[in-house]
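> below: sequence and its predicted model.
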There are 2 protein chains.
Amino acid sequence: MAEQKKLVAEITSMDEDFAQWYTDVCTKAELIAYSKIKGFMVIKPAGYAIWEAIQQHLDARFKATGVQNVYMPLLMPESLLKKEGELVNGFAPEVAWVTQGGSEPLTERYCIRPTSETVFSDFYSEDVHSYRELPRLYNQWCSVVRWEKETRPFLRSREFLWQEGHTIHATKEEGEERTQQMLNVYADFLSEDMAIPTIKGRKTDKEKFAGAEATYTVEALMHDGRALQSATSHFFGQKFAEAYDITFTDKDNTLKYAWQTSWGLSTRAIGAMIMVHGDNRGLVIPPRIAPIQLCIIPIQQRKEGVLDKAYELKEILKGFRVKVDDTDKSPGFKFAEQEMRGIPLRLEIGPRDIENGECVVVRRDTGEKITCSLDGIDATIGSLLEQIQKDMLEKARRHLEEHTYTAASKEEFEKLFAEKSGFVKAMWCGELACEEKIKEDYGVTSRCMPFAQEQIAGTCVCCGKPAKKMVYWGRSY
Amino acid sequence: MAEQKKLVAEITSMDEDFAQWYTDVCTKAELIAYSKIKGFMVIKPAGYAIWEAIQQHLDARFKATGVQNVYMPLLMPESLLKKEGELVNGFAPEVAWVTQGGSEPLTERYCIRPTSETVFSDFYSEDVHSYRELPRLYNQWCSVVRWEKETRPFLRSREFLWQEGHTIHATKEEGEERTQQMLNVYADFLSEDMAIPTIKGRKTDKEKFAGAEATYTVEALMHDGRALQSATSHFFGQKFAEAYDITFTDKDNTLKYAWQTSWGLSTRAIGAMIMVHGDNRGLVIPPRIAPIQLCIIPIQQRKEGVLDKAYELKEILKGFRVKVDDTDKSPGFKFAEQEMRGIPLRLEIGPRDIENGECVVVRRDTGEKITCSLDGIDATIGSLLEQIQKDMLEKARRHLEEHTYTAASKEEFEKLFAEKSGFVKAMWCGELACEEKIKEDYGVTSRCMPFAQEQIAGTCVCCGKPAKKMVYWGRSY
């Protein structure tokens, strides 16, 4: 147990220093390593396997809605980026510029994609001619670069991995529908696969994406009560179509501008998973996303028959993602490692268990130890994994509910943010001035105007004028 | 048939202008589009789906040998790149340099990865300490940038997609074994999945990778008789370990340098597939890699029951990747399109076929039309796809054999390259001077020193001095 203690002792406690706990988990669970350039991280096998699982689940959900994958150039000429004013203003301060190719300086500088609206728009403008070719539902999985000042693994890095979908449509209705549809895909993916409940809503004009007509978001609540924007979906109207000349001949034989959307989810989702489910023993990965779902740990593995039994169990359980830890570390060390890495279940099997035809199964999420018969172990593991997935979502949902407060007045609003951490639902007049004042006074931002609106009060918590919208407010990552 | 003719007429004939035929296939089969930056291409859905299939097959083969995926930074500081002299000299003339991040000029310029030996080496130097942690078998799927002067889709572009494996080992033997093992993985993948036979061998010092001790290659022969290096595997010895200080404590408690390998396959493989299997009607994709294996084309689809039967067949054939082309184009147009896109099989089903309980199946590779009973169509399609896969490899193998010549003397060598296109096997003294002279005189390069050596003659075809190696020579892409 000494070894186990040692491994665990390396993590800071969540309650002591949440930010340090987060960084500790990222490195001790071997998800990432730092590189020589600030904000550029190495995603190690344990971290990348989670991203692969996310890709697999999300990509299947995309394809089920008719989305096709493509690959667009990494670089774009400055002149192309500059065609749409708002996007330039939003991104220009944080792009990386390439000024030299080989031994020759470039005549025009190229930026590394911070997002690909411009490149997709340029492509669509040449590729699409008729309503018959619409909609175009393209997505790419790639890395993007944004020169952030403050960086943290997964949450804010200068390079990150993501997917970006970019669609064009013949009608406004179709475009708006796709924007909502993809937001729902994200919300379903996050809750069903990652066990992360979210609030769905629309961003205020202040918080929306540069150049978007409307930005929709799914907001999750971390363990420390701070919000994390977990994915966004944007409706651009015809703004890019006009700037990049994306036109098509419609059924009525007239030339029209296309309607456009984009939507993205990044490796930030891994950060969300860590901060929603993790605990003081490390990572806790929901079973559907877990690269390894069950770790079999042989006890007294040198005793005859123990390792054979472990391999036999792995074979019986081949419908799941199973690993046998047959290294020469002590069982205690292996337990701590399995817990740190967030593997949903461990199965302990030793000589006495074999004699009794049973084994001990331990749940990572609750720590519960269950003695199971080896008969029907396949079904037992299957239903335990399902149960864990369900319980993790339920626990996160309870946390979200218990940390969502309601403020009807300025006093209540102030008091809540002074005393509590979490979301505060409150009414807003719709004016930018109030949004800015709230940010200045309390350090909180409007997270979204939820689709599920409630009439909490008649007046804005900031200025007291008639309220237009209920907003979720919070401190955010 | 007029429409079909029109679509087909857009491709240049292979025999007339092979280079133009190639470009035509890339664009007309909708694999790529050009972007605003020379050598940076858009990979469209039909092209990207082939890359996804390649990734899926190859990644499974990697993982079966214990390889794990990771993600390494896109950028590296110039100082890091410069640590290993040969690599810098090899790549510095063709890297893209980032000199500005956001609104600030950088104090040191960063290059976009042209390959990641340096980044992996830097990472391993900090991450590995003991023999217990070895081997490390990491791979990444990513894009790389090399500022090439001449560019062609898939074959030579300034940005391309690839995988790069980078491993470190405790012993030389293990490192050498891994280098060979991965070469075999590529050769097996290319022949079994992509139906592309290759010659396995070692590169001469002149042609090997910058910084490598040994480079191994799989060389394929294109339809026009030119060679294409389809994947490479490098053994670095301890060169990078010394430059980047990758050390570990061995079993005997002494500090040692690690042994290193790297190996890669890129979107070039798609170029190889096009030029090995394609014909004057367009692309021909081997069934295992084909994103769509069978296209069902309804005949007189407005007649009652025809479309229903097509969908029913799709359901029956759900074990395969099947598409029903129910658009309102004419059957002739659909045939031409399916042929252009290289879908291995098409199934034609019309009212009379339904009445007779049969359908017509047409092979893309041979053009053969087969009338098949609808009873047992599942098994029929399965065995046809297997047969096509086998026949495509066999055909390509025959082409390779028929275009591989043997030259015992200088005169034979000269005559062969004057009259034939393909590989010429000939003896070489091992001197760089002869290799350079052969390149200058005949425009051909040494493709590899094959593992399967033959004693064709006793003397070098260039200088007449005693021969050391049999070499495959050829014009290459």
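Done, it's in. From a predicted model like this one, the values you see are computed outputs, not experimental measurements.
> residues from the stretch 101-250 of chain A in reach of chain B?
With the criterion set to C-beta under 8 Å from any C-beta of the partner chain, the stretch 101-250 of chain A comes near chain B through A:101-103, A:109-110, A:112, A:119, A:122-123, A:126-127, A:138, A:142-143, A:145, A:147, A:158-159, A:161. Where C-beta positions appear, they are placed from N, C-alpha and C, glycine not excepted.
> rerun at 6 Å
For the stretch 101-250 of chain A, the residues found near chain B under the criterion C-beta under 6 Å from any C-beta of the partner chain are A:Gly101, A:Gly102, A:Ser103, A:Phe123, A:Ser143, A:Trp147, A:Glu159.
> now the nearest residue to the first one once chain neighbours are set aside: how far from A:Ser143?
In other words, A:Gly101. Setting aside the residues directly before and after it, A:Gly101 is nearest to B:Trp147 in space (C-beta to C-beta, 6 or more residues apart in numbering or on different chains), at 4.1 Å. In this view, B:Trp147 and A:Ser143 are 19 Å apart by C-beta to C-beta, to the nearest Å.
> swap in A:Ala33?
Distance from A:Ala33 to A:Ser143, counting by C-beta to C-beta: 17 Å.
> neighbours of A:Glu394, how many?
Residues near A:Glu394, counting by other C-beta atoms under 10 Å in any protein chain shown, number 12.
> Provide the secondary structure category for it.
Secondary structure, DSSP: H, G, I helix; E, B strand; the rest coil: A:Glu394 is helix.
> look up phi and psi at the residue nearest to A:Gly101.
Reported as degrees, to the nearest 10, the phi and psi values for B:Trp147 are phi -80, psi 70.
> let me know whether it touches A:Ser103 as I believe.
No - B:Trp147 is not in contact with A:Ser103 according to C-beta atoms under 6 Å; the separation is 8.6 Å.
> tell me the first helix or strand C-terminal of the helix or strand of chain A with the lowest mean pLDDT.
Here the helix or strand of chain A ranked lowest by mean pLDDT, DSSP states H and E is helix A:2-9, holding a mean of 52. Using DSSP states H and E, the next helix or strand after helix A:2-9 towards the C-terminus is helix A:18-28.
> how about that following helix, does it get close to chain B?
No - using C-beta under 6 Å from any C-beta, helix A:18-28 stays clear of chain B, with a minimum separation of 11.2 Å.
> roughly how far is that helix from the heart of the chain?
Chain-centre distance of helix A:18-28: 17 Å, with C-alpha atoms, centre = their mean, to the nearest Å.
> got phi/psi on the nearest residue to A:Leu255 once chain neighbours are set aside?
Counting by C-beta to C-beta, 6+ apart, A:Thr247 is the residue found nearest to A:Leu255 once chain neighbours are left out, at 5.1 Å. Backbone torsions of A:Thr247, given as degrees, to the nearest 10, read phi -120, psi 160.
> so who does A:Ser266 touch?
Neighbour list for A:Ser266: A:Phe160, A:Trp162 [criterion: C-beta atoms under 6 Å, 6 or more residues apart in numbering or on different chains].
> who's more crowded, B:Trp147 and A:Ser103?
A direct count of neighbours by other C-beta under 10 Å for B:Trp147 and A:Ser103 places B:Trp147 higher, at 24 against 10.
> tell me the centre residue of chain A?
Centroid check for chain A by C-alpha atoms, centre = their mean gives A:Ala269 as the closest residue, at 1.8 Å.
> pLDDT at it, what is it?
pLDDT for A:Ala269: 98.
> what strand or helix carries it?
helix A:268-277.
> what residue ranges in chain A score low on pLDDT?
For chain A, the stretches flagged by pLDDT under 70 are A:1-9.
> so which residues on the stretch 351-477 of chain A come close to chain B?
Counting by C-beta under 6 Å from any C-beta, the stretch 351-477 of chain A has no residue next to chain B.
> point me to the residue of the stretch 351-477 of chain A nearest chain B.
Residue of the stretch 351-477 of chain A nearest chain B, by C-beta to the nearest C-beta: A:Tyr477 (20.4 Å).
> run through the residues that contact that residue.
A:Tyr477 makes contacts with A:Leu155, A:Arg226, A:Leu228, as judged by C-beta under 6 Å, 6+ apart.
> any idea how far B:Gly101 is from it?
Distance, A:Tyr477 to B:Gly101, by C-beta to C-beta: 22 Å.
> returning to what we had before: quickly list what the residue nearest to A:Leu255 is bridged to.
Counting by DSSP bridges, A:Thr247 is bridged to A:Tyr257.
> next, work out how far apart it and chain B are.
17 Å (C-beta to the nearest C-beta, to the nearest Å).
> quick check: that residue vs A:Lys239, distance?
Distance, A:Thr247 to A:Lys239, using C-beta to C-beta: 14 Å.
> the two: who's more crowded?
Per other C-beta under 10 Å, whichever of A:Thr247 and A:Lys239 has more neighbours is A:Lys239, with 21 against 18.
> got a list of what the residue nearest to the more buried one when sequence neighbours are not counted touches?
Spatially, and ignoring its direct neighbours in sequence, A:Lys239 is nearest to A:Gly211 (6.1 Å; C-beta to C-beta, 6+ apart). By C-beta under 6 Å, 6+ apart, the contact list for A:Gly211 reads A:Glu84, A:Glu86, A:Leu87.
> equivalent analysis for A:Leu393, please.
For A:Leu393, the contacting residues are A:Ala195, by C-beta under 6 Å, 6+ apart.
> quick one: it from A:Glu117, how far?
For A:Leu393 relative to A:Glu117 (C-beta to C-beta), the value is 33 Å.
> same check on A:Pro77?
Going from A:Pro77 to A:Glu117 by C-beta to C-beta gives 14 Å.
> the two - which one has more neighbours?
Neighbour totals were compared for A:Pro77 and A:Glu117, and A:Glu117 leads with 27 against 20 (other C-beta under 10 Å).
> list phi and psi for the more buried one.
According to degrees, to the nearest 10, the main-chain angles of A:Glu117 amount to phi -50, psi -40.
> ok, it - contacts?
Contact partners of A:Glu117, counting by C-beta under 6 Å, 6+ apart, are A:Ser262.
> can we see that at 10 Å?
By C-beta atoms under 10 Å, 6 or more residues apart in numbering or on different chains, the contact list for A:Glu117 reads A:81, A:84, A:87, A:91, A:164, A:166, A:209-212, A:234, A:236, A:239-240, A:243-244, A:260, A:262.
> can the helix or strand that contains A:Leu58 be found next to chain B?
Assigned by DSSP H and E, A:Leu58 falls within helix A:45-64. Yes - interface with chain B: helix A:45-64 contributes A:Pro45, A:Ala46, A:Gly47, A:Tyr48, A:Ala49, A:Trp51, A:Glu52, A:Asp59 (C-beta under 10 Å from any C-beta of the partner chain).
> which of those are buried?
Buried by 16 or more other C-beta atoms under 10 Å in any protein chain shown: A:Pro45, A:Ala46, A:Gly47, A:Tyr48, A:Ala49, A:Trp51, A:Glu52, A:Asp59, out of the residues of helix A:45-64 next to chain B.
> can you put the residues you listed in TSV and add distance to B:Tyr186?
Converted to TSV, these look like this (distance: C-beta to C-beta, whole Å):
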residue	distance to B:Tyr186
A:Pro45	22
A:Ala46	27
A:Gly47	27
A:Tyr48	22
A:Ala49	23
A:Trp51	25
A:Glu52	22
A:Asp59	26
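> of these, which is the nearest to chain B?
Of all these, chain B sits closest to A:Pro45, with 3.9 Å by C-beta to the nearest C-beta.
> tell me what the nearest residue to the closest one once chain neighbours are set aside is bridged to.
In this structure, A:Pro45 finds its nearest non-sequential neighbour in B:Gln68, 3.9 Å apart by C-beta to C-beta, 6+ apart. B:Gln68 has the following beta-bridge partners by DSSP bridges: B:Tyr138.
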